[in-house]
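**Q** Quick one, what's the 3D model for this:
(4 chains)
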Protein chains: 4
Amino acid sequence: MLDETTKGVFTIAATPFLPDGALDFDSIDRMVDAYVERGANGLTILGMMGEAGKLSAAESVAVVRRVTSRCVVPVIVGVSAPGFAAMTALSKEAMDAGAAGVMVAPPSGLRTDAQIGSYFHNTADALGDIPFVLQDFPLATGVQISPSVILKIVEDCPTCVMLKHEDWPGLEKITALREASDSGARRISILCGNGGMYLIEELLRGADGAMTGFGYPEMMAQVLEAFSGDKLDRARDIFDAYMPMIRYEAQPGLGLAIRKYSLAKQGIIAHPTFRKPGAGLTAAAIAEIDTLASRQTKRLKALGI
Amino acid sequence: MLDETTKGVFTIAATPFLPDGALDFDSIDRMVDAYVERGANGLTILGMMGEAGKLSAAESVAVVRRVTSRCVVPVIVGVSAPGFAAMTALSKEAMDAGAAGVMVAPPSGLRTDAQIGSYFHNTADALGDIPFVLQDFPLATGVQISPSVILKIVEDCPTCVMLKHEDWPGLEKITALREASDSGARRISILCGNGGMYLIEELLRGADGAMTGFGYPEMMAQVLEAFSGDKLDRARDIFDAYMPMIRYEAQPGLGLAIRKYSLAKQGIIAHPTFRKPGAGLTAAAIAEIDTLASRQTKRLKALGI
Amino acid sequence: MLDETTKGVFTIAATPFLPDGALDFDSIDRMVDAYVERGANGLTILGMMGEAGKLSAAESVAVVRRVTSRCVVPVIVGVSAPGFAAMTALSKEAMDAGAAGVMVAPPSGLRTDAQIGSYFHNTADALGDIPFVLQDFPLATGVQISPSVILKIVEDCPTCVMLKHEDWPGLEKITALREASDSGARRISILCGNGGMYLIEELLRGADGAMTGFGYPEMMAQVLEAFSGDKLDRARDIFDAYMPMIRYEAQPGLGLAIRKYSLAKQGIIAHPTFRKPGAGLTAAAIAEIDTLASRQTKRLKALGI
Amino acid sequence: MLDETTKGVFTIAATPFLPDGALDFDSIDRMVDAYVERGANGLTILGMMGEAGKLSAAESVAVVRRVTSRCVVPVIVGVSAPGFAAMTALSKEAMDAGAAGVMVAPPSGLRTDAQIGSYFHNTADALGDIPFVLQDFPLATGVQISPSVILKIVEDCPTCVMLKHEDWPGLEKITALREASDSGARRISILCGNGGMYLIEELLRGADGAMTGFGYPEMMAQVLEAFSGDKLDRARDIFDAYMPMIRYEAQPGLGLAIRKYSLAKQGIIAHPTFRKPGAGLTAAAIAEIDTLASRQTKRLKALGI
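**A** Model prediction:
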C-alpha cells in the first residue's frame, strides 16, 4: 500500500491501442515490463497522459486488471472523475485488483481555497481507507492550490499520502511544504511531474522523486541514480542530454502523440495510436523528433550511457 | 425517434436520490408521471441538472432503463462525457432501452471554430445513426459556438436534429439560425433552456419550444399553450407570474437544490437530496423560496390558473 | 468622504457618447441631474457599464471632472486597472476633483485566497488614505472571493469601507458577512449590483442598498423606499413590475446597449451610442424592449406609480 | 517603418526601475545599447515582459520617447489596451516619437473566430495606416487563434505586417501560414516568442526570426547567425547550451524576476526591481540561476563562444 515514505520513479504509463482504437493488451504487458526494466519503482496508470478520459468505465477496469496482474512494482490508478460515484466505483475495482493507491485531480471549476479543501475532504470521505495522491496540475485543470490548502488537506486527511506536484512554477511550493514538515506538519511524499522539465531543481528542493512519463522513460531513473549517488553534476549532464527532447515533448496536446511515437519507435508499444480527440504528428514533426533522438543518443554516448 | 420536427416541452428531469444518496427509483416513477401530467411532450434525463456527472456508469444505465420503461413520451438521454468511448457506451445502452435520441455538450477545453466543428463531427461519427441534440450552454461549458459553426455541423451531420439553446445572450442566435433555414439551410428543432428565463422572446424568435427544468414544470406547457393559441399577452402574464421564482432558481450552483426543494415540496419526488458537491439551502433560502411560491400561487390564481 | 455607514442607492452611471464616439458632455450633465432626481443617493462612474476600459486616460479624467463638478451627491470613481500606477494616477485625479472614494475590481488572473488578499493589500497600500470599494463581480472578472477573504481585507485595510456585491449566487455571502460583523468584525457598507436582479432578497439579508444601473433608474429608489418603510409586499410588487425588464437587461454583453437605448428613449442621454467592441440592438431586440417597457408602464400605473 | 519583410532578432525589452519603483532612465539607455551590441535588429518595448500594464499612461509615453531617441534600430511599441481609445492614443505618441510600428494582443474575453477577426478588423481601423504586429500568445491571453483567422486578418488588413508567434504548441501553425503564402496568400513576417524555447524548430518551419527576451539576449543572434550560415548543427549546439536557462526562465510569472536578475547581474540594467504584482526570487532561486549561468558559461566556452 502506498504511504508517505514512497520514493523514486513512478512512471506515468501510456495506454496502448491497436490501430483500430481498441485496447492493445499485448502492448500493455510489454510496456509494463519495459518501464520496470528501465528503472520504474512504481507505475501510475489512467492519468491524463494515459488517456483515462477516453476510456469507457469497462475499459478502465480492464486496463487496471491487466496492469496490476502483470506489474511487479506498486501501481497507482488515476480515478479523477466528474463525480464521486464514478471515482469510488473505479477505486474499489482498482484496490480489489491489487493497486497500491489512487490519484485524484480536482475538477476544473474549483476556485477558492474553501472549495478546493472541501473537494478533497469529500474525496477522502468517499475513498474511505484507500490511500490517495493529490494531483496538483494547474496548467491542465485550471485549479491553483496554495501550499496552505495542501497542508490543511494533509493535516485533516490521513489517507492523503502523496502530492503529485506539477504546478508551474512550483519550486517554491516544494520548499514551502518541506519547511512545513520540518516544522512539524505531517510529511508526505512529493513526486514531480511536468514531464521532468525541472527534475533536478525539484529534487534539490526536497522532492522524493519523479512521477512522470517520457518517451525515454529510463531518463528519470538515470537522473535519480546520479543525484542519489551525490553526483549532482553528472545528474545535470544526463538531464541536459535529454532536455531538448523533454522540451519538445512538453508541447501541450501534442505531447501524447510525441511520447507514443517515441515509445513505438523503441518497440515498447506496438502502435503509436491514440484516441480522438488529439493532434497527430505531421512528417515535419516526426523529422524533428528523429533529429532530437539522434542528437540525444550521441550525447548520452559521450556521457558513457 | 427524435427528428428535426420535434416541438413542445421537453422537461429536464431531476435524478431523485434517497436521503443516503442512493438512487430513488420510486421517486423516478412518480416524477416521470408528474412531468407528463404537467404537460411534458418529452423528457431529457441525465443532463447537468440531472446530476449526470455524479452517477457511476452503472447508475446511469439504471436510470435510463427505469425512465424509459415508465415514460409514455420520448426520452432524450444526456451522454456528454470526457471521451467518445464512454459516450458511445451510454448511447448504445440508451437506444437499446428505447430512448428517442441523445444529447451532447462540448467539453470545456474547446475554443476555436475548427475545434468545435471537429468535436461534433467526431461525435456524429462515434454515434453512427443515433439522432443527437447539440447542447449549446456557454455559461456551463465555457465553449462559445457561433451560428456559422452550428450551421456547418447541421449541414455536415444529418443526425444532428436539434439544438438545445442556452446561450446567453442567445436571442440573435435563434434569429440567425432561422434566417439561414429560411434561406435553404436544413431546419433543425430548437428547444430552449436556461431555466426558461427568456422563453417568450425565444418563441417569438423562432424556437420550437422549451427544454428546461423548473420547480413548477407546468409553467412551460402553460406558456406554450397560450403562445400557440395566439394569446401572447396571456402567455406573458403567465410567464411574469412565474418569473420571480424562475429568477431565483437561476442562481448557478444553487439552482439544483432550489429545484429539488420545490419538487419535493409538491411531492413530485420524495426527498430533496442531491449528491456532493453542491450547495445546500439555508433556512433563509428556504424562507425565500416559500415566500416566492406563495406569491406565485396568488398571482396564478388571479390569472385563473 | 465615503465611509462604512453609506446607505441607499448609488447609481452606476453610463458614459454618454456622441454619434461619432466622442464624449457627450451635455448628456453627462443631463444624466447626472436625472439620476439624482430619480433618487440616487450617490453615483458610481467609470464602472464596467460606464465603459471605463474604452476611455483613454485623458478621457477618464475629463469624465470625472465633469461629473464631480455637476453632481450634488457623492461620486465613486471606478479605477480598476491592469497595474497600480494607472490606478493611483486616476485615483489621485478623482479625489482632487472631489470624488468621495474609488472602486476596484480584481484583475482576472487571480485565483487563490492568498493572491486575492495580497492584491487588495497592495491596492490599499497604493491608494494611501483614499477610501475604496471592493467590487466582487465573479461573472465579469472570473475571480471568486470567499467571505473569509473579504473579512481579512476588511480587518487589515481600514480604507476598505464598502463591498459592491455582485457575486451570483451571493445571498449567503451577505449573510456570512453580516453574521461576522454581528460577532465583532468591522461592519462595512454592502451595496448590491447585478442589475438589481436579487434586490429584495439582498436587502433582507442585510445589504445597505443598491449600487447598480438600470434603464429606469428610479426603480432602485422606489423599491428601497417601500422596503425601508416596512412595506415589504409593496416593495416586491414594485420590483416584480420591473423584473421582466431587469431580466432582459441582464443579458451579458448586450445589457449596455439595452440600458443606453432605454436611457436615450427617455431623454436622459441624447444618443444610445456606445464604443466598440460591443453588440448593438437589432430591430427585433428594440421591439422586445419597447413591448417590455409598455407592459412595465401599465403595471406600474396599476400600482399607483 | 515596419513591413512584411522584417527579419532577424527583435529583442523584447525590459522596463528598468529604480529600487523605489520609479522608471530608471539611465538603465533604459544602457539596456538599449546593450541589446543592440548583442545583436538586436530591432527592439520591442512595452510588451508583457516590459511590464506595460503596470505603467501609467504618462509613464508609457516617457519610456517610448526615451527608447526611440536612443535606439539605432527599429522600435515596436506594445499598445494592447482594454479599449481602442487608449490603444490609439499610445500608438499616435509612439509613431510621433519615431517608432516603426505597434504590437497588439487580443483581450482575454475573445472566443469565437468571428470575435477575434472582428477585434483585429477594429484594431486596423482604429490604427489607420500604422503597421501593426498581431501578438498570438494563448498561454497569456487565453485567446486561441486559428491559422484561418490569421489568414483572413492578413488578407483584409494590409497594415497587419507581422505575427508575433507564441502559440504553444505552434509549429504546425507556422507551417500552415507558410503553405498559405506559398500558395498565394500575402506573406507577412513571423517572429517567434515564447522565450525562444522552440527557436530552431520555428526557423526550420519558416519563421523569419525571433521576437523574445532572455536574460542573455545575445543567444538569439548567435543562434540565428549560425542558422543563417547553414551551420544547423552548430545552431543547435549553441541553443542547447542556453536551453537549461531558457527553460528556467520560462516559468510563468517568475520569468520576469529571473530575466531582470540576469540582466542586472550582467550590468545591463542597474537594478532587478520589478513592479507589483509579481513574484520575487528567493535565495534558493538565485542559487539555481547562478548555477545554471555558470554551467552555461562553461558550455559556451567549450563551443568557442
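**Q** CA only for contacts and neighbour counts going forward, please
**A** Noted.
**Q** Next, count neighbours for the residue in the stretch 101-250 of chain A that chain B sits nearest to.
**A** Going by CA to the nearest CA, chain B is nearest to A:Y119 of the stretch 101-250 of chain A, at 7.4 Å. Residues near A:Y119, counting by other CA atoms under 10 Å in any protein chain shown, number 19.
**Q** That one and A:C157 touch, don't they?
**A** No: here A:Y119 lies out of contact with A:C157, judged by CA atoms under 8 Å, at a distance of 11.7 Å.
**Q** before we move on, the earlier item: ok, the residue of the stretch 101-250 of chain A closest to chain B to A:L110 distance?
**A** Distance, A:Y119 to A:L110, by CA to CA, to the nearest Å: 8 Å.
**Q** Surely A:T273 touches A:F17?
**A** Yes: counting by CA under 8 Å, A:T273 touches A:F17, with 5.7 Å between them.
**Q** that older thread, on contacts alone, who are the packing partners of the helix or strand harbouring the residue of the stretch 101-250 of chain A closest to chain B?
**A** Using DSSP states H and E, A:Y119 sits in helix A:113-127. Judged by 3 or more CA pairs under 8 Å, 6 or more residues apart in numbering or on different chains; DSSP states H and E, helix A:113-127 is in contact with helix A:84-96, helix A:147-156.
**Q** Report how many residues lie close to the residue lying closest to A:R38 once chain neighbours are set aside.
**A** Excluding the flanking residues, the one nearest A:R38 by CA to CA, 6 or more residues apart in numbering or on different chains is A:E218, at 4.7 Å. A:E218: 19 surrounding residues under other CA under 10 Å.
**Q** For A:E218, what are phi and psi?
**A** phi -70, psi -20 (degrees, to the nearest 10).
**Q** State the distance from A:G213 to C:R299.
**A** Using CA to CA, one gets 66 Å for the distance from A:G213 to C:R299.
**Q** The two: which has the busier surroundings?
**A** A:G213 (28 against 17).
**Q** is the longest helix that chain A contains anywhere near chain D?
**A** The longest helix of chain A (DSSP state H) is helix A:283-302. Yes: for helix A:283-302, a contact with chain D is found by CA under 8 Å from any CA of the partner chain, at A:E288.
**Q** Which residues does that helix contact?
**A** The contact list for helix A:283-302, computed with CA atoms under 8 Å, 6 or more residues apart in numbering or on different chains, reads A:I238, A:A241, A:Y242, A:P244, A:M245, A:Y248, A:I258, D:E201.
**Q** just the strands in the stretch 101-250 of chain A please.
**A** For the stretch 101-250 of chain A, the strands defined by DSSP state E, counting those that start in this stretch occupy A:101-104, A:132-136, A:160-165, A:189-192, A:209-212.
**Q** Report the backbone C-alpha coordinates of the longest one in PDB.
**A** Yep, that's strand A:160-165 we're talking about. C-alpha atoms of strand A:160-165 as PDB (Å, rounded to 0.1, in the frame of the first residue of the first chain):
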ATOM      1  CA  CYS A 160      -3.600  11.700   1.500                       C
ATOM      2  CA  VAL A 161      -0.100  10.300   1.400                       C
ATOM      3  CA  MET A 162       1.400  11.800  -1.700                       C
ATOM      4  CA  LEU A 163       1.500  15.000  -3.800                       C
ATOM      5  CA  LYS A 164       1.900  14.700  -7.500                       C
ATOM      6  CA  HIS A 165       3.500  18.000  -8.000                       C
END
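**Q** For the lowest-mean-pLDDT helix or strand in chain A, what is the distance to the chain centroid?
**A** Ranked by mean pLDDT, DSSP states H and E, the helix or strand of chain A with the weakest confidence is helix A:138-141, at a mean of 96. Averaging C-alpha positions (CA atoms, centre = their mean, to the nearest Å) puts helix A:138-141 14 Å from its chain's average.
**Q** just stretch A:261-279 next, same as before
**A** In terms of CA atoms, centre = their mean, the centre of stretch A:261-279 is found 17 Å from the chain centre.
**Q** Over to stretch A:64-76?
**A** That offset, for stretch A:64-76, works out to 15 Å (CA atoms, centre = their mean).
**Q** same question, stretch A:26-33
**A** 17 Å.
**Q** So for it, mean pLDDT?
**A** For stretch A:26-33, mean pLDDT is 98.
**Q** Show me what that stretch is in contact with.
**A** A:A13, A:T15, A:P16, A:R66, A:V67, A:R70, A:C71, A:I268, A:I269, A:A270.
**Q** which of these tops the neighbour count?
**A** Highest neighbour count within those: A:P16, with 30 neighbours (other CA under 10 Å).
**Q** Tell me the confidence at the closest residue to A:A89 other than its chain neighbours?
**A** Once flanking residues are discounted, A:A89 sits nearest to B:S56: 6.9 Å by CA to CA, 6+ apart. Predicted confidence (pLDDT) at B:S56: the value is 97.
**Q** who's in contact with the residue nearest to A:I238 when sequence neighbours are not counted?
**A** Nearest residue to A:I238 in three dimensions, chain neighbours excluded: A:V223, at 6.3 Å (CA to CA, 6+ apart). In this structure, A:V223 makes contact with A:I200, A:A235, A:R236, A:I238, A:F239, judged by CA under 8 Å, 6+ apart.
**Q** would JSON lines of the residues you listed with neighbour count and pLDDT be doable?
**A** Converted to JSON lines, these look like this (neighbours: other CA atoms under 10 Å in any protein chain shown; pLDDT from 0 to 100):
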{"residue": "A:I200", "neighbour count": "19", "pLDDT": "98"}
{"residue": "A:A235", "neighbour count": "20", "pLDDT": "98"}
{"residue": "A:R236", "neighbour count": "21", "pLDDT": "98"}
{"residue": "A:I238", "neighbour count": "22", "pLDDT": "98"}
{"residue": "A:F239", "neighbour count": "24", "pLDDT": "98"}
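**Q** residues from chain A in reach of chain B?
**A** Checking chain A against chain B by CA under 8 Å from any CA, the hits are A:53-57, A:82-87, A:89, A:119, A:122, A:276-277.
**Q** Please, where are all the helices along the stretch 201-305 of chain A?
**A** Under the criterion DSSP state H, counting those that start in this stretch, helices of the stretch 201-305 of chain A are mapped to A:218-228, A:232-249, A:255-265, A:283-302.
**Q** Name the stretch among the ones you listed that sits most buried.
**A** Counting by mean count of other CA atoms under 10 Å in any protein chain shown, helix A:255-265 has the highest mean neighbour count of the helices of the stretch 201-305 of chain A, with a mean of 22.
**Q** what does it rub up against?
**A** A:14, A:49, A:214-216, A:248-249, A:269-274, A:278-281, A:289.
**Q** same question, stretch A:163-179
**A** The contact list for stretch A:163-179 (CA under 8 Å, 6+ apart) reads A:133-139, A:147, A:151, A:187-194, A:201-202, A:205-207, A:211, D:251-254.
**Q** mind redoing it with 7 Å?
**A** Residues from elsewhere that reach stretch A:163-179 (CA atoms under 7 Å, 6 or more residues apart in numbering or on different chains): A:133-138, A:147, A:189-194, A:202, A:205-207, A:211, D:251-252.
**Q** do the same with stretch A:66-78
**A** With contact meaning CA under 7 Å, 6+ apart, stretch A:66-78 is reached by A:28-29, A:32, A:41-47, A:94, A:97-104.
**Q** Mind checking which of the residues of chain A next to chain B are buried?
**A** A:53-57, A:82-87, A:89, A:119 (16 or more other CA atoms under 10 Å in any protein chain shown).
**Q** For the contacts of A:V223, work out which two are farthest apart.
**A** Using CA to CA, these span at most 10.4 Å, a distance reached by A:I200 and A:I238.
**Q** Kindly state the pLDDT recorded for A:P277?
**A** Confidence score, pLDDT, at A:P277: 83.
**Q** How about it: what's its closest non-neighbour residue?
**A** Spatial nearest neighbour of A:P277, excluding adjacent residues (CA to CA, 6+ apart): B:Y119 at 7.4 Å.
**Q** do the same with A:T123
**A** Once flanking residues are discounted, A:T123 sits nearest to A:F84: 7.2 Å by CA to CA, 6+ apart.
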